[in-house]
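**Q** The amino acid sequence is not available; the structure is as follows:
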Ligand code: FES
């Protein structure tokens with residue numbers, strides 16, 4: 001059996017939403033201290049809807065595929081919905097990731113949350129800080 005699903009390979013070789021938004025309303029940058037991979041996500045927000053999203057990922061194939069899929073999953077969606085996106089949902093949408101690659105999808109969840117928090121901070125929008133716990137520097141696997 002192939003280690004990676006066709007969807008993972010597709011999103012890795014043909015990633016969607018790559019790049020940056022010069023006029024982003026929120027930017028989230030996270031990294032994994034163990035592997036050194038870094039993911040940056042830019043969002044554009046209008047009336048509570050994420051109207052555009054781009055990413056730059058300096059990382060492994062699973063991290064790139066996760067970023068691509070995660071950006072597709074939040075594009076055009078309300079912020080409230082994007083905040084509920086879990087790394088597990090991203091991995092499922094990719095038809096699974098190998099267990100030792102699940103942490104790569106965690107970066108996507110964290111980067112989106114960080115971008116939304118940045119948007120809230122820049123626009124003086126109040127939120128419950130408990131909603132945005134600091135990302136765990138250690139490798140974490142939300143399965
Ligand atoms: Fe670092 Fe995949 S190995 S994010």
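**A** Good, I have the coordinates. Since we're looking at a predicted model, the values are computed, not measured.

**Q** gap between the residue nearest in space to the middle of the chain and residue 17?
**A** Centroid-nearest residue in the chain: residue 108, 2.4 Å away (criterion: Cα atoms, centre = their mean). Look at residue 108 and residue 17: by Cβ to Cβ, to the nearest Å, they are 12 Å apart. C-beta: built from backbone N, CA, C; applies to glycine.

**Q** Residues that sit against both of those two, list them.
**A** residue 67 (Cβ atoms under 8 Å, 6 or more residues apart in numbering).

**Q** State the mean pLDDT of the top helix by length along the chain.
**A** Counting by DSSP state H, the longest helix found in the chain is helix 102-122. Mean pLDDT, helix 102-122: 97.

**Q** Counting by contacts, list what it packs against.
**A** With contacts taken as 3 or more Cβ pairs under 8 Å, 6 or more residues apart in numbering; DSSP states H and E, helix 102-122 sits against strand 26-31, strand 38-46, helix 61-74, helix 79-82, helix 87-93.

**Q** any chance of the ones you listed in TSV, plus mean pLDDT, mean neighbour count and distance to residue 114?
**A** Shown next, in TSV, are these (pLDDT from 0 to 100; neighbours: other Cβ atoms under 10 Å; distance: least, Cβ to Cβ, whole Å):
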stretch	mean pLDDT	mean neighbour count	distance to residue 114
strand 26-31	98	20	3
strand 38-46	98	22	7
helix 61-74	98	25	12
helix 79-82	97	16	12
helix 87-93	98	20	14
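
**Q** just so I know, which of the ones you listed lies nearest residue 54?
**A** Evaluated over those, closeness to residue 54 peaks at strand 38-46, with 4.8 Å, by Cβ to Cβ.

**Q** partners of that closest one, with directions?
**A** Strand 38-46 has its sheet partners listed here by DSSP bridges as strand 26-31 (antiparallel), strand 49-58 (antiparallel).

**Q** near the ligand at all, it?
**A** No. Using Cβ under 6 Å from any ligand atom, strand 38-46 stays clear of the ligand, coming no nearer than 7.7 Å.

**Q** and the angle for that strand with helix 61-74?
**A** Between strand 38-46 and helix 61-74, the angle comes out at 10 degrees (axes from the mean of the first three to the mean of the last three Cα atoms, to 10 degrees).
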